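**Student:** Here is the input, now give the coordinates:
(2 chains)
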Amino acid sequence: DSGVTQTPKHLITATGQRVTLRCSPRSGDLSVYWYQQSLDQGLQFLIQYYNGEERAKGNILERFSAQQFPDLHSELNLSSLELGDSALYFCASSVATAANYGYTFGSGTRLTVV
Amino acid sequence: GNSVTQMEGPVTLSEEAFLTINCTYTATGYPSLFWYVQYPGEGLQLLLKATKADDKGSNKGFEATYRKETTSFHLEKGSVQVSDSAVYFCALSGAGSGGSNYKLTFGKGTLLTVNP
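**Tutor:** Numbering: from 1, shown residues only, chains lettered A, B, ... in the order given. Sure, this is the predicted structure:
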């Protein structure tokens, strides 16, 4: 157990729908990062939050949004889902804003859009 | 921008064979370098890291040396086991201040299969 908790582990939904993925960071970590992993694109950085504030955005679609709550858990909202959004979504956490010492990853949410 | 290139897989070895997975990077300044491992059905786990040139990261028999002159961070293990079968990712974090070092940039991953 890495200490980073992601729910649900699996999600199957239809095109056009909206889903919410949840992440609880490791105790003491203030930064949360979201990544998408797909066979063709590999691991793509989506967004980072630090202590409730958005710090950096990567290749995140406008249909996707995220937030980090006062208790530091984070949610990634995916809307108007398309078949191409099917992927593994990972959350990671770290103590600081910088990645110089690496992250701790959760076990991921596998999203299947049908 | 930053990028990581690692050798294409899959790599198939027999137990007790020597492992090398090549990784080269492009980055400005002095990034930190990482190897992560992903076992089937699991998230990525940090395997080892190095934060400055000539540092050697090591863990569980795996080693990698930060070579700035060749911009490389090759992963090696002297004797692999079946339990080492996994996908291995090389990654770097940016070297600058502000927003450039907030994220890890990953290579595409190398699938290693070790046969008994």
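**Student:** Within range of chain A, give me the residues from chain B.
**Tutor:** Contact residues (CB under 8 Å from any CB of the partner chain) of chain B with chain A: B:32, B:34, B:36, B:41-46, B:49, B:51, B:89, B:93-94, B:99, B:101-109. C-beta here means a position set from N, CA and C on the backbone, and glycine is covered the same way.
**Student:** same thing but 7 Å
**Tutor:** B:32, B:34, B:42-44, B:46, B:49, B:51, B:93, B:99, B:101-104, B:106, B:108-109 (CB under 7 Å from any CB of the partner chain).
**Student:** among those residues, which ones are buried?
**Tutor:** B:32, B:34, B:43-44, B:46, B:49, B:51, B:93, B:101-104, B:106, B:108-109 (16 or more other CB atoms under 10 Å in any protein chain shown).
**Student:** Check pLDDT for those residues and point me to the minimum.
**Tutor:** Across these, the member with the lowest pLDDT is B:Asn101, scoring 66.
**Student:** do whatever helix or strand A:Ile47 lives in and chain B meet?
**Tutor:** If you go by DSSP states H and E, A:Ile47 is part of strand A:42-50. Yes. Interface with chain B: strand A:42-50 contributes A:42-43, A:45, A:48 (CB under 7 Å from any CB).
**Student:** packing partners for that strand?
**Tutor:** strand A:31-38, strand A:53-57, strand A:64-68 (3 or more CB pairs under 7 Å, 6 or more residues apart in numbering or on different chains; DSSP states H and E).
**Student:** What count of nearby residues applies to residue 107?
**Tutor:** Let's take chain A. 18 (other CB atoms under 10 Å in any protein chain shown).
**Student:** My question was about chain B, not that one.
**Tutor:** 25.
**Student:** Contacts only, for it.
**Tutor:** B:Gly107 makes contacts with B:4-6, B:23, B:89-91, as judged by CB atoms under 7 Å, 6 or more residues apart in numbering or on different chains.
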